[in-house]
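Asks: Show me the folded form of this:
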Amino acid sequence: MKRFKKVFPFIFTTVCMSQLVYGASLESVSVNQTTLIPLRLVSEELKAKVSFDKASQKIAITLGDKVVELKPNCREASINGEKVSLDAAPEMIEGTTYVPLRFIGEALGANVGYNEGVVSVSLGDLEKQWTLVKKPTPQKSNSSGQAFKYESKTIKGKTVKYVTIDMNNASIVPRIQTAGGKINQVDDLKNLGKAGKVAINGTYFAAYNGDTPYPDGTLVKDGKPLHITDIGCTIGFTSDNEVLIDFVKTRVQGYVNDEPRWLTYRINRPTGDASATVIYTPEYGSTIKLEPGYIGVVCSNNEIAKKVTQSVQVPQDGFVLVMREDRANSFNIGDAIRYEVTFEPSHTSEDEWNKVQNALSAGPSLLINGNSTPAPKEEGFTEAKILTQVASRSFIGTTADGKVIVGTTSASISELKEIAKALGLQNAMCLDGGASSGLYYNGTYQTSPGRKVNNSIVFTQK
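Replies: Sure, this is the predicted structure:
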C-alpha cells in the first residue's frame, strides 16, 4: 500500500473545540505540528462537495477531478481510487467529523502552508488564510477521574449489569487471560480475574460432550497469538490503550532464512486438513501427538533444532510446526525460522492493528461506528440461540470519549443492540454467552457463570 508522504501525523481528541471564526482566526487543537479542523470547513471554505454514505460510513470529498474518500476511525483513505495510509483516523466528536487540513488540502491539489501561527491555503484562484488559535491537547492521566464504575440498571426493559472502564487513565492495563496460562484448559472466571479489578468471560470454546476446551476465536496475549480465526468480530487493545472493534482477518506468514516459505491458518489447534501447517506454542499445554505420515519441525530460539515423527513437547523458547512429511523437505536443521501475524481489518487500519498487544474475537457484532450491524448470519452464525432467541449475553463496547463498557444481561441480539446504543456505545460486540456469561468486579461476582471458562478479558490498574 502506498504511504501518503506529505501527511503530518494527526490525532483527534475529545475536548470541546470552538468553531471557525471566518476571515480571521481558526481555533484548533495542535499536537506535534498537527492541525485538526471540522469537515464542514472543506465544503464551506474550499467549495468542495462533501457526501456521507451511512451504510458504508464513507466520506467522499469531490473537487474538480479529485475524489478523496475516508471513513471515521479508519486510517486508510483513497485519492482517485489509489489507497494511501494515514497515521490516524477521522473521528466523530460530539456529532462533528474532524479531518486533517494538510492531507485534505493537498489531496485536492491545494498548497497548504504554516508560518508563525498562520495557516494559508491556495487553490487555483482561491486564497484563504487564518490565524491559528491553539488549545492544549489533553494527555492521558495516571490518576484523574474514576477508573472503574459498576452499575446495575434497567435499560430497554432489561436488567443490565456493567462496568465502565476509563481507558484515558494510563494506569489501566487490559489483558487476555487463559485458564492455567494454557489454551486447552478451563477454570473459574474469578481465578482468571483475581489479579485484576474487572474480568468478563471471553470467546467461545468447546464446552460440551467432554471435548478438549479449545477456544473458537482469536486470542492474542501480550503480543503473542495463541489461537487465530476469522469468525465474528474482534476487539483489540493497543500498546497505548486504544481500543479497536472490527471485522478482522488474521493471517500468518512463515519465514525460513528470512524468505517467505510457508503459510498457516492454525495455531494451537489440531486439524484433519492434510494440507495444513499447524503452529504449536508452549501455551498448547499438551504433548503433540503425531499421526503416521506427519512430521514435527521443532524450533528453538528462532532456529530449526530437529525434526521428529513421534510425540513431542513444545520447547519453552520456541514452537513446533506439524505438517505432512512430504512437505518438510525444505526445512533443514540449523535454518533460521520465524513467523509473523498480520491483521486485515474492515473499518479500521492495519497500522492501528499493528500496535495491538491483546485481542479476542467472538461475536456477533452489535454496533460499528454507532450503527447497528447486519444480522448475525452475515457473520457466519447459524444457531437460533444466537440469531433470534433471548439468552444470557456478555458484551463489550467502546464510547466516543475513550471508555470501555463490559456487561451482562438477558436479551436477544436485536435487543442487545438497542441496549448498546442506550449505553452510548459507538462500537460493540457480543462475547460468549449462555452458561459462560459472567462478570467479576472488585473481588465479587456481579453475574456468576454457570460453568468454568477457557479465557477472559481482565482489566487491572497498575
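Asks: Count the neighbours of Trp439 for me.
Replies: Check again: residue 439 is Leu, not Trp. Neighbour count for Leu439, taken as other Cβ atoms under 10 Å: 25. C-betas here are computed from N, CA, C, even on glycine.
Asks: right, and it touches Ile405 too?
Replies: No: under the criterion of Cβ atoms under 8 Å, Leu439 is not in contact with Ile405, lying 11.2 Å apart.
Asks: Determine the residues that are contacts of both of the two.
Replies: The contact sets of Leu439 and Ile405 overlap at Tyr162, Val163 (Cβ atoms under 8 Å, 6 or more residues apart in numbering).
Asks: Can you give the distance of stretch 436-453 from its chain's centre?
Replies: Computed by Cα atoms, centre = their mean, to the nearest Å, the chain-centroid distance of stretch 436-453 equals 24 Å.
Asks: so where's this protein uncertain?
Replies: Low-confidence segments of the chain, defined by pLDDT under 70, span residues 1-24, 26-36, 54-57, 73, 75, 86-89, 91-96, 133-145.
Asks: Can you report phi and psi for the spatially most distant residue from the centre of it?
Replies: Relative to the average C-alpha location in the chain, and by Cα atoms, centre = their mean, no residue lies farther out than Asp125, which sits at 43.6 Å. Taking degrees, to the nearest 10, you get phi -80, psi -10 for the backbone angles of Asp125.
Asks: what about it, distance to Val50?
Replies: Asp125 sits 21 Å away from Val50, taking Cβ to Cβ, to the nearest Å as the criterion.
Asks: Break the chain into its domains for me.
Replies: Split into domains by automatic domain parsing, the chain comes to 2-135, 148-246+346-461, 251-340.
Asks: distance between the last one and the chain's centre?
Replies: Same thing as domain 251-340. On the basis of Cα atoms, centre = their mean, the separation between the geometric centre of domain 251-340 and that of its chain is 27 Å.
Asks: Helices of this protein, start to end?
Replies: Taking DSSP state H, the helices of the chain run over residues 40-46, 101-107, 189-193, 350-353, 384-387, 413-422.
Asks: any chance of those in TSV, with mean neighbour count too?
Replies: TSV is the format used below for the helices of the chain (neighbours: other Cβ atoms under 10 Å):
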stretch	mean neighbour count
helix 40-46	17
helix 101-107	23
helix 189-193	23
helix 350-353	19
helix 384-387	15
helix 413-422	21
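Asks: Throw those into CSV and include distance to Gly450, thanks.
Replies: Compiled in CSV, the helices of the chain are given as follows (distance: least, Cβ to Cβ, whole Å):
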stretch, distance to Gly450
helix 40-46, 51
helix 101-107, 51
helix 189-193, 11
helix 350-353, 34
helix 384-387, 14
helix 413-422, 19
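Asks: Show the residue spans covered by the strands in the stretch 251-400 of the chain.
Replies: Counting by DSSP state E, counting those that start in this stretch, residue ranges of the strands within the stretch 251-400 of the chain are 259-264, 266-267, 278-280, 294-300, 303-308, 318-324, 337-345, 356-362, 365-368, 371-372, 391-399.
Asks: who's in contact with the second one?
Replies: Around strand 266-267, the neighbours that count as contacts under Cβ under 8 Å, 6+ apart are Pro225, Leu226, His227, Ile228, Val252, Ala276, Thr277, Val278, Ile279, Tyr280, Thr281.
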